[in-house]
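# Below: sequence and its predicted model.
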Amino acid sequence: MPIRMAPIGEEVEIKRVSTDERVKRHLENLGLAVGQRITVMSSDGGAVILRVKDGRIALDKQMASGIFIACV
């Protein structure tokens, strides 16, 4: 399912990142790679706020639309 539909506050696992290679590398550098477990903190409005490891990342709708997850 797309990351924008993830349940708020639950840990999920990234299953697929469907973007161009440049954006994919950028997301991987931020810790958003296939197999990584993250928590969606908020998806209201225009941004998706994620907890990745010990930090938080905000992604705009366009970047978030290419990330697909599964509940763990």
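Good, I have the coordinates.
# what's the nearest residue in space to Ile8 that is not next to it in sequence sitting at in phi/psi?
If you skip the residues right next to it in sequence, Ile8 has Val40 as its closest partner in space, 5.8 Å away by C-beta to C-beta, 6 or more residues apart in numbering. From N, CA and C alone the C-beta is placed, and that goes for glycine too. The phi/psi pair for Val40 (degrees, to the nearest 10) reads phi -80, psi 120.
# would you say Val23 is within a helix?
Yes: read with DSSP: H, G, I helix; E, B strand; the rest coil, Val23 is one of the residues of a helix.
# That one reaches Gly66, doesn't it?
Yes: taking contact to mean C-beta atoms under 8 Å, the distance of 7.3 Å between Val23 and Gly66 places them in contact.
# What pairs with the helix or strand hosting Arg51, parallel or antiparallel?
Per DSSP states H and E, Arg51 falls inside strand 47-52. Paired neighbours of strand 47-52 in the sheet (DSSP bridges): strand 37-42 (antiparallel), strand 55-60 (antiparallel).
# what helices or strands is the helix or strand where Gln62 lies leaning on?
When secondary structure is defined using DSSP H and E, the element that contains Gln62 is helix 61-64. Using 3 or more C-beta pairs under 8 Å, 6 or more residues apart in numbering; DSSP states H and E, the elements in contact with helix 61-64 are strand 47-52.
# Bridging across strands, which residues link to the closest residue to Leu30 other than its chain neighbours?
Beyond its immediate neighbours in the sequence, the residue positioned closest to Leu30 (C-beta to C-beta, 6+ apart) is Ile57, lying 5.7 Å away. On the basis of DSSP bridges, Ile57 is bridged to Leu50.
# Contacts for the lowest-mean-pLDDT helix or strand in the chain next, please.
Of all helical and strand segments in the chain, the minimum by mean pLDDT, DSSP states H and E falls on helix 61-64, at a mean of 89. If you take C-beta atoms under 8 Å, 6 or more residues apart in numbering as the criterion, helix 61-64 is touched by 2-4, 19, 23, 27, 43, 46-48.
# Noted, bye for now.
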